[in-house]
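Visitor: A structural model of the following input is requested.
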Amino acid sequence: MVQTYQSPVRVYKHPFELIMEAYQRRFPTTHLMPILVSSEIVNETLSEDKAQHVVERLCKLGFDVPYLLKKLTGVDYVNFRQKNSLDRRKRTLHIETFNESFSNRLIIKETCVYSVHPDNPNWTCFEQAASLDVKSFFGFESIVEKIAVKQYSQSIAKGKEIIEYYLKELEAEGITYVPPFKDASSLKVPAILTTSYDDDKEQSCGGASISSEELNIGASASTVDLQKMEKQFPVDESQFKLEAEYIQRYLGELTPLQESRLIQLRTWVAELQKGKVPSDMTLLRFLRARDFAVDKAREMLSQSLVWRKKYQVDKILSEYQIPRVIKEYFPGSWHHTDKDGRPLYLLCLGQMDVKGLVKSVGEEGLLKLTLHTCEEGLRLCEEATERLGKPISSWTLLADLEGLNMRHLWRPGVQTLLRIIEIVEANYPETMGRILITRAPRVFPILWTIIGAFIDEVTRTKILFHGGTDYSEPGGLLDYIPEEYIPDFLGGPYQISSVDGSMVPKSMYMTEEQFEKERQSGCFIYDESVYKCVSLTKGQVHEEVISAAEKGGVICWDFDVTKQDVDFTVLRTKVSVPLKEQVSSPTTHGSPLDVLTSMNQLLVDSDHRSVIERSWKKDIDYFIVENPLACHEGESIQGSHVISVEGTYILQWKFNEPVNHPTHAKDFIESITSSKAKFMYYYEVLNSDDYRRQSTMRIHI
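Guide: Below is the predicted model:
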């Protein structure tokens, strides 16, 4: 695999000519770069007017490599060729470097450019690009690649240090200005004076003889085409460039390779995206989430950009209207900043009515609230970066757990939150800088045992637990939050009036009609809901068949009756359940009774017909494992059943009606015209495989 490097634009606030004077002082060797053992001029050309000066050098480098590898190769040093093309008229210096040793086993190329800053003629820009391709190296390809990357990273860091060192040396000698080149005759075609220092004798590396095959450069290598190098590293495409000072100011400390990865990802996005391009901080977050692997970060970012466009996430800040139930009952809001300048979000998790919120705004509503909060967080980070003069890329969460209990582990709510976390993790990586948890109840260790399985080690390092009641002690909130912003319910002076721990009234729950209306109103971020909605008329049933249920598993259910009454029970059968078949409508018109019969949903809708055949006998062919329960309008029912006998289980809901079934025409008419019973339900089967799978999931924020 070819390793590439592209530096940001480094700016020296000195004229080009002074930088060139400092650059020349690093030759033939410098104590600041001990890896450079020697450098020898092998070819030099100078135009008659002295505007163009080309120097080719043979450089001998000594790498710190394992003894075995050095013994195997038989060399102590590695030869590189460097070609410097100085154009004093254009005020540019192009530097091309490639390896001469082992050129048939690995290819190392580097191009550097010094040029005048486009906005300030008294400043100088420096750019650097390189590539490494290890084709074969005695079976040590991976080791050689790691050594080369490490050594190159160190030399990158040394480059600016060397220039600044010699600038200070020049200043100490009283040299602070070098006059620019003056063109005596711009119309005259300059002649080229050539001096050759090279010969045809066999080259030597550290005294050890190397075969011509190993040191073969080839015609293409000895005549490096600058235009091809510039094509490979597009240094003139200013829209892809980043200045080092900008990175330091807005993105923070990055290693040279991290800077390079950022520029590579930025180049790809700029070439691909025709519209709005993500900010550099956004690109950096995706890189960090994938450990600066550009290909993986690019794939993650690409999927996120498609997701944002598909669901118009960029419009959330301007178009999202916070529902009334959220304003009144959601116990969370932005709350100033922490001591590092990060935006601070206060969430009283123990006061949250998870079930009430899910049933009043739906999963989609909670997700939109979360996305709106994330978009607000990004905006607040940008504002903090501008205001504080330092990069702020993440926010802090202060989670108060007072009041947390087992009701917060309501299964549909947990499922909804996990799905929201999955979406946030994929599209807002590396946005959580710190999580402060206070007032954890006694039940929390039990909850943490369950929740902790979903949190990876990186995120665990961001979580800080605070016990006791005095949060002003060392190690308390005062170490992370300014005292004036610590909430009053945590012993601070800041009065909080928006925290409401009351339950969401059922009158604010969404009806089935509201749910369906919202469902049909536009593009949903969820592909499907956790809940399913069902309507039943007289004589109809709705069933969920659970085949091949394993012993030891648990069937969990949760449903709300929104209209009329239904009966619920759980059945088990040893008999194989046949596939439901849709009964065809009659093709000919018969008597009025036949027409009414064909209109009866009980007969034509296989979804509302029981899989229990009339010929089956109770306690022989099927068994009631949970006694029938009459559920009335407005009731919420939760329950579970531990599977003690393997087989097929059936969750059954029936329209609540008298025992007698309709047998006459008027009864059929009543079954069609009578009010429908409606309910929303969710169920889940947990077995050992599911538990192991869920326990291996990791959440990274």
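Visitor: now the helices for the stretch 351-500 of the chain?
Guide: Using DSSP state H, counting those that start in this stretch, the helices assigned to the stretch 351-500 of the chain run over residues 354-388, 411-427, 444-451, 457-460.
Visitor: so can I have TSV of those helices showing distance to Val2 and mean neighbour count?
Guide: Heads up, the C-betas are built off the backbone N, CA and C, glycines and all. Below are the helices of the stretch 351-500 of the chain laid out as TSV (distance: least, C-beta to C-beta, whole Å; neighbours: other C-beta atoms under 10 Å):
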stretch	distance to Val2	mean neighbour count
helix 354-388	34	19
helix 411-427	29	18
helix 444-451	43	13
helix 457-460	29	12
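Visitor: between those, which one is nearest to Gln303?
Guide: helix 411-427 (7.1 Å; C-beta to C-beta).
Visitor: For the closest one, name the packing helices and strands.
Guide: Contact analysis of helix 411-427 by 3 or more C-beta pairs under 8 Å, 6 or more residues apart in numbering; DSSP states H and E lists helix 294-310, helix 354-388, strand 554-563, strand 677-686 as its packing neighbours.
Visitor: Compute the inter-axis angle for it and strand 677-686.
Guide: Relative orientation of helix 411-427 and strand 677-686, computed by axes from the mean of the first three to the mean of the last three C-alpha atoms, to 10 degrees: 70 degrees.
Visitor: Can I get helix 411-427 in PDB, CA atoms only?
Guide: Extracted as PDB, the C-alpha positions of helix 411-427 are listed here (Å, rounded to 0.1, in the frame of the first residue of the first chain):
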ATOM      1  CA  ARG A 411     -37.700  -1.900  27.100                       C
ATOM      2  CA  PRO A 412     -39.200   0.200  24.200                       C
ATOM      3  CA  GLY A 413     -37.600   3.300  25.700                       C
ATOM      4  CA  VAL A 414     -34.200   1.700  25.900                       C
ATOM      5  CA  GLN A 415     -34.600   0.400  22.300                       C
ATOM      6  CA  THR A 416     -35.400   3.900  21.100                       C
ATOM      7  CA  LEU A 417     -32.500   5.400  23.000                       C
ATOM      8  CA  LEU A 418     -30.100   2.800  21.600                       C
ATOM      9  CA  ARG A 419     -31.300   3.500  18.100                       C
ATOM     10  CA  ILE A 420     -30.800   7.300  18.600                       C
ATOM     11  CA  ILE A 421     -27.300   6.700  20.000                       C
ATOM     12  CA  GLU A 422     -26.500   4.600  16.900                       C
ATOM     13  CA  ILE A 423     -27.500   7.400  14.600                       C
ATOM     14  CA  VAL A 424     -25.700  10.000  16.700                       C
ATOM     15  CA  GLU A 425     -22.600   7.900  16.800                       C
ATOM     16  CA  ALA A 426     -22.500   7.500  13.000                       C
ATOM     17  CA  ASN A 427     -23.100  11.200  12.300                       C
END
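Visitor: Mean confidence (pLDDT) on that helix, please.
Guide: In this model, helix 411-427 carries a mean pLDDT of 82.
Visitor: and that helix, how far from the chain's centre?
Guide: From the chain centre to the centre of helix 411-427 is a distance of 15 Å (C-alpha atoms, centre = their mean, to the nearest Å).
Visitor: Could you tell me the least trusted of the helices of the stretch 351-500 of the chain?
Guide: Ranked by mean pLDDT, those bottom out at helix 444-451, with a mean of 68.
Visitor: Ser47 is nearest to which of the helices and strands packed on helix 411-427?
Guide: Taking C-beta to C-beta, helix 294-310 is the member of the helices and strands packed on helix 411-427 nearest to Ser47, at 41.2 Å.
Visitor: Quick check: phi and psi at the residue lying closest to His117 once chain neighbours are set aside.
Guide: Closest residue to His117 apart from its sequence neighbours, by C-beta to C-beta, 6 or more residues apart in numbering: Trp123 at 3.7 Å. Main-chain dihedrals, Trp123, degrees, to the nearest 10: phi -120, psi 160.
Visitor: could you list every residue that touches Trp123?
Guide: Residues near Trp123 by C-beta atoms under 8 Å, 6 or more residues apart in numbering: 11-15, 116-117.
Visitor: which of these count as buried?
Guide: Taking 16 or more other C-beta atoms under 10 Å as the criterion, what is buried in the contacts of Trp123 is 11-12, 14-15, 116-117.
Visitor: and of the helices of the stretch 351-500 of the chain, who's closest to His466?
Guide: helix 444-451 (12.3 Å).
Visitor: re the thing from before, which members of the contacts of Trp123 occur in strands, if any?
Guide: 11-12, 116 (DSSP state E).
Visitor: and the most centrally placed residue in the chain, how far is that from Thr461?
Guide: The centroid of the chain falls nearest to Pro429 when counting by C-alpha atoms, centre = their mean (3.7 Å). Relative to Thr461, Pro429 is positioned 16 Å away (C-beta to C-beta, to the nearest Å).
Visitor: Ends of stretch 248-267, what's the gap?
Guide: 19 Å (C-alpha to C-alpha, to the nearest Å).
Visitor: any idea how far that stretch is from the chain center?
Guide: 17 Å.
Visitor: so Val443 touches Met406, yeah?
Guide: Yes - between Val443 and Met406 there is a contact under C-beta atoms under 8 Å: 6.7 Å.
Visitor: Show me which of the two is the more surrounded one.
Guide: Val443 (14 against 9; other C-beta atoms under 10 Å).
Visitor: Pull up the per-residue confidence for that one.
Guide: Per-residue confidence at Val443 stands at 71 (pLDDT).
Visitor: so which of the buried ones among the contacts of Trp123 would you say is closest to Cys631?
Guide: Val11 (72.1 Å).
Visitor: Which pLDDT value goes with that closest one?
Guide: 89.
Visitor: Would you mind giving the helices and strands packed on helix 411-427 as JSON lines with distance to Pro28 added?
Guide: As requested, the helices and strands packed on helix 411-427 are exported to JSON lines (distance: least, C-beta to C-beta, whole Å):
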{"stretch": "helix 294-310", "distance to Pro28": "37"}
{"stretch": "helix 354-388", "distance to Pro28": "45"}
{"stretch": "strand 554-563", "distance to Pro28": "77"}
{"stretch": "strand 677-686", "distance to Pro28": "73"}
